[in-house]
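In: 3D model of this:
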Amino acid sequence: MFADELGVDLTLLVPDSFSDLLEQVSENTVHIAAAGLTITEEREQIYQFGPAYQEITEQLVYNINNKRPRKLSRLDGTLEVVANSSHEGRLEDLQDSIDDLNWKSNDELESEDLLQMVSDNIIEYTIADSNELSLNQRFLINLRVAFDIGEPQRLAWAMPKTDDKSLFREVQKFFKKIKENGELTRLIERNYGHVDDFDYVGTKIFMRHIETRLPAYRAFFEEAGAKHAVDWRLLAAMGYQESHWDPDAVSPTGVRGIMMLTLRTAKEMGIKNRLDPESSIIGGAKYYKKTLDRIDENITEPDNIWMAMAAYNVGYYHLQDARTITRKLSKDPDRWIDVRESLPLLAKRKWYKDTRYGYARGWEPVRYVENIRSYYDILKWVDNGDNEVTPVPKEFLKIPNSL
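Out: Sure, this is the predicted structure:
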């Protein structure tokens, strides 16, 4: 987005290690390091930081199967962090005040790798930024936060310190613009907005069902996805939200099957037997694609996808009512982040009495979409689309009795 703003081509480089990244910035061989860099006093002596775009907290992470540590001075096991990271800098600052504070610096692995090692019980602890843990905890469900380390920290782009400040000034202008027009908020929501509520038991059950239930229906999802140009994993996530991939599912309101089609929708899609898994998936995919095609053309991805999902759940015209409310609130009716805030208002008389289609349980499509987004992320992690399947860890396949 910044490159487009400048009218230049963007070249993305991925260094072998975090240390290499910082070295490239200090040697002025790259223009910008955009890698979740924390602003620290030490780094400000070496690098020039743009405006902060996000705030995070550094957290000590452990495996739920082990005893939760209460203090850094009472760690029983190996604490490993990325070499030259802000996490190591934090530990160095604390070393004078905490007796016997020891850790191992790793200059070969990244933070996500260390989180995987904690999840696998190879090491006992690591330190991670709160945003990174939120994203990974849905996949590595054994991870837990022991406690925060220090005050919240700011993330920003880093640039070489040079006499030429032109790039730095452009970065300042760019972030000022995307903060004021709401684009920065939408970017953060797009990546983190659906991961706030981590459900350990629900995620564990989902991972087990990927192993035990999905194989029977995967080919149907793939076929329907290919036919309607929709990622099959998105359709599968949708099917799981609807029925937990149970072909015999029936709701109290009369919707049935894996995709929980109403009788009216099934007839409209040419589906005779809603309890037949293949028919249900084909019908659901067809109806979703039809709904997606009705979304205004000026609504771009991924907002159009989430709005189509919401419309699948609550109805297209109720979605349009929510967009009308969004417009009345002087927000953007073409952005999911804004429409998401308006949908629950359809259940409040103050708002729905002036809409065309009236009352709706508007909080339901919000939860519906957020759950599908999380399921979709996990399915992409398990199956990355290149026929490389990440095996579901064995511990996901058995739910402890205590839960």
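
In: drop to CA atoms for contacts and neighbour counts, all remaining ones
Out: Will do.

In: go ahead and name everything in contact with the helix or strand bottoming out on mean pLDDT in the chain.
Out: Across the helices and strands of the chain, mean pLDDT, DSSP states H and E gives its lowest value to helix 183-192, namely a mean of 83. Contacts to helix 183-192, defined as CA atoms under 8 Å, 6 or more residues apart in numbering, come from residues 53, 131, 134-135, 175, 178-179, 335, 337.

In: who touches Arg68 in this structure?
Out: Applying CA under 8 Å, 6+ apart to Arg68 gives the contacts 62, 146.

In: how far away is it from Lys204?
Out: With distances taken as CA to CA, to the nearest Å, Arg68 is found 20 Å from Lys204.

In: residues near the residue nearest to Leu21 when sequence neighbours are not counted, how many?
Out: Ranked by CA to CA, 6 or more residues apart in numbering and with sequence neighbours excluded, the top spatial neighbour of Leu21 is Pro15, at 5.7 Å. For Pro15, the neighbour count with other CA atoms under 10 Å is 12.

In: now Asp148
Out: Asp148: 16 surrounding residues under other CA under 10 Å.

In: once you drop chain neighbours, what's closest to it?
Out: Here the residue nearest Asp148, using CA to CA, 6+ apart, is Gln59, at 4.4 Å.

In: which secondary structure elements does the helix or strand encompassing the one you found sit against?
Out: Applying DSSP states H and E as the criterion places Gln59 in strand 58-63. Judged by 3 or more CA pairs under 8 Å, 6 or more residues apart in numbering; DSSP states H and E, strand 58-63 is in contact with helix 111-119, strand 125-129, strand 143-148.

In: need the winner for burial among those.
Out: When the helices and strands packed on strand 58-63 are scored by mean count of other CA atoms under 10 Å, the highest mean neighbour count falls to strand 125-129 (a mean of 25).

In: who are the packing partners of the helix or strand following that strand?
Out: Later in the chain than strand 125-129, the nearest helix or strand by DSSP H and E is helix 130-136. Secondary structure elements in contact with helix 130-136, counted by 3+ CA pairs under 8 Å, 6+ apart, are helix 183-192.

In: gap between the helix it packs on and the chain center?
Out: Taking CA atoms, centre = their mean, to the nearest Å, the mean C-alpha location of helix 183-192 is offset from the chain mean by 10 Å.

In: just use 28 as the starting number from now, easier for me
Out: Shifting the count to begin at 28 puts that one at helix 210-219.

In: extract the C-alpha set from that helix and format it as CSV.
Out: Provided in CSV are the C-alpha atoms of helix 210-219 (Å, rounded to 0.1, in the frame of the first residue of the first chain):
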residue,chain,number,x,y,z
GLU,A,210,-7.6,1.9,6.8
LEU,A,211,-5.1,1.1,9.6
THR,A,212,-7.9,0.0,11.9
ARG,A,213,-9.4,-2.1,9.1
LEU,A,214,-6.0,-3.8,8.4
ILE,A,215,-5.7,-4.7,12.1
GLU,A,216,-9.2,-6.0,12.2
ARG,A,217,-8.7,-8.1,9.1
ASN,A,218,-5.8,-9.9,10.7
TYR,A,219,-6.6,-9.9,14.4
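
In: that one: which residues count as buried?
Out: Residues of helix 210-219 classed as buried by neighbour count (16 or more other CA atoms under 10 Å): 211-213.

In: want to throw the residues you listed into CSV with distance to Arg181?
Out: Putting the buried residues of helix 210-219 into CSV (distance: CA to CA, whole Å) gives the following:
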residue, distance to Arg181
Leu211, 15
Thr212, 15
Arg213, 18
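
In: residues in contact with Leu99?
Out: By CA under 8 Å, 6+ apart, the contact set of Leu99 is 125, 128.

In: fine by me, thanks again.
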